[in-house]
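> Take a look and give me a structure for this.
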Amino acid sequence: MNRVLFLCTGNYYRSRFAEIFFNWHAQGRGTPWRAESRGLALVKENPGPLSCHTIARLAALSIPVEAYLRLPLAVTEDDFRSARHIVAVKEAEHRPLIASRFSAWVEQVEFWSVHDVDFAHANEAMPVLENEVLGLLARLEAHPAGNR
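Residues are numbered from 1 along each chain as shown. Have a look, this model is predicted:
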């Protein structure tokens, strides 16, 4: 099984949505890819294991979340090593964090531009994230080697 690693700041909203949405579609398509997600700078103030925006959007799409109800996880060097493809969901926010903490990996990360709730409402950001994830899934199916 090939592994995609989705990164965001808190591993609570965008990267978690990407992980669950990707896995739902990958399983349905029978593709040999599985996603996991991690955070680059966890925030302790987040209530519960998963953003209410993520839960609401997945419910609207009839995608179950029960198997994914865990607390956010911080990314480690091992996470980078074990991933076949790495995506950070917002370049302006995440490139500096990766460069300062995991500089050896920054050139192997695909960067997107999906805003957090401080720049875009979830109703605007989630469809962008969905399109990015589906586009990635199509590319990985066409070129199974990923970015390594």
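> residues touching Phe22, list them.
4, 6, 33, 35, 133, 136-137 (CB atoms under 8 Å, 6 or more residues apart in numbering). (Each C-beta comes from the backbone N, C-alpha and C, glycine too.)
> closest to His85 among these?
Nearest to His85 among the contacts of Phe22: Val4, at 4.8 Å, using CB to CB.
> Val87 is in contact with that closest one, correct?
Yes: if you go by CB atoms under 8 Å, Val4 and Val87 touch, sitting 6.8 Å apart.
> Okay, and the beta partners of Lys90?
Beta bridges link Lys90 to Ser113, judged by DSSP bridges.
> re earlier: identify the contacts common to Val4 and Val87.
Leu136.
> From the chain's centroid, how far away is the top helix by length along the chain?
Using DSSP state H, we find that the single longest helix of the chain is helix 122-142. The chain centroid and the centroid of helix 122-142 are separated by 10 Å under CA atoms, centre = their mean, to the nearest Å.
> Show me what counts as buried in that helix.
By neighbour count on 16 or more other CB atoms under 10 Å, the buried set for helix 122-142 is 122, 125-126, 128-130, 132-133, 136-137, 140.
> helices and strands around that helix, which ones?
strand 2-8, helix 14-29, helix 52-60, strand 85-88 (3 or more CB pairs under 8 Å, 6 or more residues apart in numbering; DSSP states H and E).
> Check the ones you listed for me: which has the lowest mean pLDDT.
Mean pLDDT is lowest for helix 52-60 among the helices and strands packed on helix 122-142, at a mean of 93.
> Can you dump the C-alpha atoms of the helix or strand that comes right after it in CSV for me?
Sequence-wise, the next helix or strand downstream of helix 52-60 (DSSP states H and E) is helix 77-82. Extracted in CSV, the C-alpha atoms of helix 77-82 (Å, rounded to 0.1, in the frame of the first residue of the first chain):
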residue,chain,number,x,y,z
GLU,A,77,10.7,12.4,10.6
ASP,A,78,9.4,8.8,10.3
ASP,A,79,6.2,10.1,8.8
PHE,A,80,8.1,11.8,6.1
ARG,A,81,10.3,8.7,5.4
SER,A,82,7.3,6.4,5.2
